[in-house]
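Chemist: Below: sequence and its predicted model.
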Amino acid sequence: MIAYKFLRAGRLGPFSGFPWPAPGQWVRGSDTRILCREGIHACRLQDLPWWLAEELWEIELDGEVQPDEHKVIARAGRLRSRVAAWTPGCATQYGEACAWRARDHAVKALRTADHEESAQALAACETLEQLRQLARGLAEQLPDTRIILTIARDGAFRALTGAAPTSAYIAAHAAKRLDGPAGYDAERAWQSRWLTEHLGLREGP
């Protein structure tokens, strides 16, 4: 199975610190494949938003592949090639896109609460800094939509400071605030599609 794996700079496991060998060399885990403790963990396309790190690699998995909620686990894996399109610049674009999504959820919440003028003002923001400042001000004025406006403000701030994973997390929770668990799932699915399309990714057997 062809899947993906995010690593820290220098091919290091983001949690284990395991130094992955050069592409093409197999790494084998325990036959027990205990989730999050043993085995080789990787991402399907839908799992990507949960595991962002500095490097993204295409990985080949060997043997039975066990699915989990946001990852898969296998007995063995080897790196194939680094995804060159995943750069700091791409991560910034992704974080910004997520921040604007959080803004859109806040706009919808404002309209639902009959704050049309404020919704139009928020929708008209042209920069993330404008969004951050306006959302902060509106949150102080409109207590019934304060939480989602604060979420949108934080999403803009995180994107401005280069924290793409946090910006994505915030956008998902803005959607959840608006539309419940289904909104959260839909937002994570949108994030997966964004990454898949912009990075030119594929999955295969």
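Modeler: Arrived safely, thanks for sending. In this text, all values refer to a predicted model and were calculated from it rather than measured experimentally. Numbering: from 1, shown residues only.
Chemist: contacts and neighbour counts: CA atoms only from here.
Modeler: Noted.
Chemist: And whichever strand or helix holds Asp185, what does it pack against?
Modeler: According to DSSP states H and E, Asp185 maps onto helix 164-199. In terms of contacts (3 or more CA pairs under 8 Å, 6 or more residues apart in numbering; DSSP states H and E), helix 164-199 is packed against helix 88-112, helix 146-160.
Chemist: Compile those helices into TSV and extend it with columns for distance to Leu52 and mean pLDDT.
Modeler: Formatted as TSV, the helices and strands packed on helix 164-199 follow (distance: least, CA to CA, whole Å; pLDDT from 0 to 100):
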stretch	distance to Leu52	mean pLDDT
helix 88-112	9	98
helix 146-160	14	97
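Chemist: Gln191 is nearest to which of those helices?
Modeler: Nearest of the helices and strands packed on helix 164-199 to Gln191, taken as CA to CA: helix 88-112 at 7.6 Å.
Chemist: Could you check the angle the next helix or strand after that closest one makes with helix 88-112?
Modeler: Downstream of helix 88-112, the next assigned helix or strand under DSSP H and E is helix 116-123. Angle of helix 116-123 versus helix 88-112, following axes from the mean of the first three to the mean of the last three CA atoms, to 10 degrees, is 170 degrees.
Chemist: just the CA coordinates of helix 116-123, formatted as CSV?
Modeler: The C-alpha trace of helix 116-123 is given here as CSV (Å, rounded to 0.1, in the frame of the first residue of the first chain):
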residue,chain,number,x,y,z
GLU,A,116,-26.1,41.1,8.9
GLU,A,117,-24.1,44.3,9.0
SER,A,118,-21.3,42.7,11.1
ALA,A,119,-21.4,39.6,8.8
GLN,A,120,-20.9,41.8,5.8
ALA,A,121,-18.0,43.6,7.5
LEU,A,122,-16.3,40.4,8.4
ALA,A,123,-16.8,38.9,4.9
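Chemist: Thanks a lot, see you next time.
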